[in-house]
Structure formats: C-alpha cells, structure tokens
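# this one's sequence-less:
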C-alpha cells in the first residue's frame, strides 16, 4: 500500500515546510504570494527571515488548502484561527495558524510543549 504523503506532492511539500521550519526553531512561518506574483514561503529564526526556495505560484493555493485541511477549517467566514497537530518523519508538528482570507498570507507560529 502506497503512503499517501509521498503520493501527493502538495501535501508532502506542506509537511516538509512545517517540518524544516520547526527543525530550524522558527518563531514564525508565512506562506502566500509575493508582490511579483510568485510564491513566498519564509520563516523567522531569531531576528532573521529565511526564504524557502519557492515551489512555484501554482502550488501556493494547494499548500494553503492543505494547511486549511490540517487545521480542520470549514468553509465560511474569515479570519480563521486554528491549530495543526500532525506527525511527520518521527516528529510531532504543532503550529497555530491564522488566515485572513483565501488569497492573503497564512501566518503560523509554533506551539511550544
């Protein structure tokens, strides 16, 4: 039986972003579209912002949809606040998420245990 995480590139990319940001001890993670229309994924470690190699603007809506699914967001009014708590690669990924709208940046902060 195939692993659904490995079968879905958007899901895998989303989990890898959460995983690597948590591994690097990020205090904030922002996902959205850049001013130039490209993908923007960045996370803050200390006082420095680190940019992810952009997966392409066509993947951002899928990543945002996957984050919404992981946070158990339902259709309806914005803003939306929630939590993501999922296991990946032997690590528990726990993040708070805020979405202002479907086309605005998603802002995530790690949940410290």
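Alright, I've got the coordinates. These numbers were taken from a predicted model, which means no experiment stands behind them.

# distance between the top helix by length along the chain and the chain's centre?
Secondary structure of the chain per DSSP state H: the longest helix is helix 9-23. Distance, stretch centre to chain centre, for helix 9-23: 7 Å (Cα atoms, centre = their mean, to the nearest Å).

# now swap in stretch 44-55 and tell me
13 Å.

# cool, and stretch 88-100?
Using Cα atoms, centre = their mean, the mean C-alpha position of stretch 88-100 is found 7 Å from that of the whole chain.

# what lies in contact with it?
With Cβ atoms under 8 Å, 6 or more residues apart in numbering as the test, stretch 88-100 has contacts from 5, 15, 18-19, 22-23, 29, 64, 67-68, 71, 73, 78-87, 106-111, 113. In this view, the C-beta of every residue, glycine as well, is placed from N, C-alpha and C.

# where does this protein dip in pLDDT?
For the chain, the stretches flagged by pLDDT under 70 are 1-6, 37-38, 54-57, 113.

# what ranges does it have for its strands?
Secondary structure of the chain by DSSP state E: the strands cover 28-33, 39-45, 48-51, 80-88, 91-99, 106-110.

# residues contacting residue 70?
Going by Cβ under 8 Å, 6+ apart, the list of residues near residue 70 reads 14, 84, 86.

# next, the buried residues of the longest helix of the chain.
In terms of neighbour count (16 or more other Cβ atoms under 10 Å), helix 9-23 has its buried residues at 10-15, 17-19, 21-22.

# before we move on, what about stretch 41-58?
Residues 41-44, 52, 55 are the ones in stretch 41-58 that count as buried (16+ other Cβ under 10 Å).

# now swap in stretch 70-90 and tell me
Within stretch 70-90, the residues that count as buried by 16+ other Cβ under 10 Å are 70-71, 73, 80, 82, 84, 86, 88.

# how about those, which pair is most distant?
By the measure Cβ to Cβ, these have their two most distant members at 80 and 88, which lie 22.2 Å apart.

# what separation do you get for residue 86 and residue 11?
Taking Cβ to Cβ, to the nearest Å as the measure, residue 86 falls 10 Å from residue 11.
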